[in-house]
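Trainee: could you work out the structure for the sequence below:
(one chain, ligands or ions: 1)
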Amino acid sequence: MASYLSDHVLPLLIGRDARRIEDIWQYLYKGAYWRRGPVTMSAIAAVDTALWDIKAKSMNSPLYQLLGGSSRDGVMVYGHASGSDVEKTVEAFASFVKSGYKAVRAQSGIPGLSSTYGIGRGGVAYEPAEKDSPRENQWSTEHYLRFVPQLFARLRKEFGPEIHLLHDAHHRLTPIEAGRLGKELEPYHLFWLEDPTAAELQESFRLIRQHTTTPLAVGEVFNTIFDCQQLIQEQLIDYILSVHNFGIQEYMPHTPETDRVFPHAYSFKDGFMHPGDAPGLGVDIDEALAAKYPYQRAYLPINRKLDGTMHSW
Ligand code: MG
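Mentor: Numbering: from 1, shown residues only. As a prediction, the model looks like this:
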């Protein structure tokens, strides 16, 4: 994406009026004949976000004031609790509750599998990408489906009815397996079950929906609003876009180095975040400091079933 930006997109911006945000978005989107895809759309989004920041700063106003003003006092956020087993996950979950979070996502190591999605390593914050080459994870849907309802039974019992519980299946289930999981999680009243099945199978959400009342979230691998059309039209999901009545914001605090490179006005208190009142987005970049941390190649893990077949990560 960095090379798409510097080789292709940024030369097109030189000399353009930075105030014409919509025109520039359309120019970059419609000007790419083979449009969409994660690289193109992320690059356009980076330009769009920067232009909105510039416009709000030129008016000495926080950006949200230009977009209709605030419509709530704060944004509920959820943190990532994970552990290699149930006990360690309960421990991690408790530390989020103690910090004031009202909602926590829980992922846990699964008995019988040497590794799985969403588990931090060596006491550091969860970061799945690794240098050099992709790590290989193990996967077994049978082990997973047996285990997850036990995990959430324990969490609900331990932390009571009010805390919001979230879980991410990371696109690994077939629609009927996702229906079974949603149904078995119903007694624990999840806030949402995220990415239960492959996101390109939009019609599969109809089947999942018919089998469970557990709320469904999807969308992090979508690149445009056009990818969500069927899901919204048919009311097949509960959570997706950044909208006025949105539900919750994922919050993975950054490393101290990242916080220094991106000075910011946002703050966290009692489970909610506020963007602050600094002009623009409220997040800046210290380019001189950023230059001290050059790009390092890193890979997300890949995932194989116990018999060696490749599976979705
Ligand atoms: Mg996710």
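Trainee: would you mind listing the buried residues in the longest helix seen in the chain?
Mentor: Counting residues, the longest helix found in the chain (DSSP state H) is helix 38-58. Buried positions in helix 38-58, judged by neighbour count with 16 or more other C-beta atoms under 10 Å: 40-41, 43-44, 46-48, 50-53, 55-57. Just so you know, the C-beta spots here come from the backbone N, C-alpha and C atoms, and that holds for glycine as well.
Trainee: likewise for stretch 264-271?
Mentor: Quick answer for stretch 264-271 (16+ other C-beta under 10 Å): 265, 268, 271.
Trainee: quick one on the thing from earlier: run through the neighbouring helices and strands of the longest helix of the chain.
Mentor: Helices and strands touching helix 38-58, by 3 or more C-beta pairs under 8 Å, 6 or more residues apart in numbering; DSSP states H and E, are helix 2-4, helix 21-30, helix 63-66.
Trainee: ok, which of these comes nearest residue 108?
Mentor: For those, proximity to residue 108 was assessed by C-beta to C-beta; helix 2-4 is nearest, at 34.8 Å.
Trainee: which strands and helices sit next to the closest one?
Mentor: Here helix 2-4 touches helix 38-58, going by 3+ C-beta pairs under 8 Å, 6+ apart.
Trainee: list the contacts of the helix it packs on.
Mentor: Residues from elsewhere that reach helix 38-58 (C-beta atoms under 8 Å, 6 or more residues apart in numbering): 1, 4-5, 8-9, 13, 18-19, 21, 24-25, 28-29, 32, 62-63, 65-66, 221, 223-224, 279-281, 283.
Trainee: let me know the angle separating the longest helix of the chain from helix 21-30.
Mentor: Going by axes from the mean of the first three to the mean of the last three C-alpha atoms, to 10 degrees, helix 38-58 is angled at 170 degrees with respect to helix 21-30.
Trainee: coming back round to it: buried members of the contacts of helix 38-58 into PyMOL, please.
Mentor: Burial among those is assessed by 16+ other C-beta under 10 Å; the matching PyMOL selection reads:
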select buried, resi 4+5+9+21+24+28+32+62+63+223+279+280+281+283
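Trainee: ranges for the helices of the stretch 151-300 of the chain?
Mentor: Applying DSSP state H, counting those that start in this stretch to the stretch 151-300 of the chain gives helices spanning 175-185, 204-211, 229-233, 256-261, 287-290.
Trainee: just say which of those helices is most tucked in.
Mentor: A comparison of the helices of the stretch 151-300 of the chain by mean neighbour count, using mean count of other C-beta atoms under 10 Å, puts helix 175-185 on top with a mean of 20.
Trainee: any idea how far residue 175 is from residue 226?
Mentor: Going from residue 175 to residue 226 by C-beta to C-beta, to the nearest Å gives 22 Å.
Trainee: do residue 239 as well
Mentor: 18 Å.
Trainee: between those two, which one's more packed in?
Mentor: residue 239 (17 against 10; other C-beta atoms under 10 Å).
Trainee: do you know the pLDDT at the closest residue to that one other than its chain neighbours?
Mentor: Of all residues not flanking residue 239 in the chain, residue 217 sits nearest, at 3.9 Å (C-beta to C-beta, 6 or more residues apart in numbering). For residue 217, the pLDDT comes out at 96.
Trainee: quick one: residue 217 and residue 192 touch, right?
Mentor: Yes. Contact criterion C-beta atoms under 8 Å: residue 217 and residue 192 qualify, at 4.2 Å.
Trainee: with neighbour numbers in mind, choose between the two.
Mentor: residue 192 (24 against 21).
Trainee: returning to that earlier point: any idea how far the longest helix of the chain is from the middle of the chain?
Mentor: Remark: helix 38-58 is offset 19 Å from the chain centroid, using C-alpha atoms, centre = their mean, to the nearest Å.
Trainee: keeping just the C-alphas, turn that helix into CSV.
Mentor: Written as CSV, here are the backbone C-alpha positions of helix 38-58 (Å, rounded to 0.1, in the frame of the first residue of the first chain):
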residue,chain,number,x,y,z
PRO,A,38,-7.8,-3.8,0.0
VAL,A,39,-4.7,-2.0,-1.3
THR,A,40,-6.5,0.6,-3.5
MET,A,41,-9.2,1.3,-1.0
SER,A,42,-6.9,1.6,2.0
ALA,A,43,-4.7,4.0,0.0
ILE,A,44,-7.8,6.1,-1.0
ALA,A,45,-9.0,6.0,2.6
ALA,A,46,-5.6,7.3,3.8
VAL,A,47,-5.8,10.3,1.5
ASP,A,48,-9.5,10.9,2.4
THR,A,49,-8.7,10.8,6.1
ALA,A,50,-5.7,13.2,5.7
LEU,A,51,-7.9,15.7,3.7
TRP,A,52,-10.6,15.7,6.3
ASP,A,53,-7.9,16.4,8.9
ILE,A,54,-6.5,19.3,6.9
LYS,A,55,-9.9,20.8,6.3
ALA,A,56,-10.9,20.6,10.0
LYS,A,57,-7.5,22.1,11.0
SER,A,58,-7.9,24.9,8.5
